[in-house]
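[1] Here's a sequence, model it:
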Amino acid sequence: MIYSLVYVSSAVQVFTAAELHELLTVCDKNNRRDDVSGMLLYKGGNFMQALEGPEIEVRATHTRIRADLRHDGLITLIQGPQAARHFPAWSMGFRDLEAPAERPSAYTEFMNTPLNDREFTANPGRAQKLLKMFKDSR
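    Got it, this is the predicted structure:
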């Protein structure tokens, strides 16, 4: 069994492209070391991240993220065992939702919902839907 955790958080200040690149470099290194895979979405200073892997490592990663002073208001949407990884080849899949890009064929206004909006906290399955849509559009 794989342990999965999805959370949303807000950055204390908006990340620059260089800061996002640095964050992703460190996360990729740590996740490869810890056998953690997943995906990170970023929009307007808000993050949504899926983490999956051995439970101890996923929880330790989540604890490090909670302690990171660059984040605030972290809300865990989903956590628990799952049968298989959704992002097996991605130590850190990433998508900046503010960056210009073609809209995936599955685009809906749902994509414009703030990542920490009550829409996600009231219906955590929407977070998984969002993450899967970006995984499938890569």
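
[2] Helices along this protein, start to end?
    17-34, 55-67, 118-122, 125-137 (DSSP state H).

[3] just checking, residue 2 touches residue 51?
    No - when contacts are counted by CB atoms under 8 Å, residue 2 is not listed as touching residue 51 (10.2 Å). C-beta coordinates here come from the backbone N, C-alpha and C atoms, glycine included.

[4] ok, those two, which is more surrounded?
    residue 51 (26 against 17; other CB atoms under 10 Å).

[5] That one and residue 16: what is the separation?
    Distance, residue 51 to residue 16, by CB to CB, to the nearest Å: 24 Å.

[6] Let me know the angle separating the longest strand seen in the chain from helix 55-67.
    When the chain is parsed with DSSP state E, its longest strand is strand 71-82. In terms of direction (axes from the mean of the first three to the mean of the last three CA atoms, to 10 degrees), strand 71-82 departs from helix 55-67 by 170 degrees.

[7] What strands line up against strand 71-82, and which way round?
    strand 2-11 (antiparallel) (DSSP bridges).

[8] Pull the residues that contact the partner strand.
    Residues outside strand 2-11 that contact it (CB atoms under 8 Å, 6 or more residues apart in numbering) are 45-55, 58-59, 62, 65, 70-86, 115-116, 120-121, 124, 127-128, 131.

[9] how about 7 Å then?
    Strand 2-11 has contacts (CB atoms under 7 Å, 6 or more residues apart in numbering) with 45-55, 58, 62, 70-82, 84-85, 115-116, 120, 124, 127-128.

[10] low-confidence ranges in this structure?
    92-138 (pLDDT under 70).

[11] again, only using 80
    The chain contains residues with pLDDT under 80 at 89-138.

[12] Now residue 3. Nearest residue, chain neighbours left out?
    Nearest non-adjacent residue to residue 3, counting by CB to CB, 6 or more residues apart in numbering: residue 55, 3.7 Å away.
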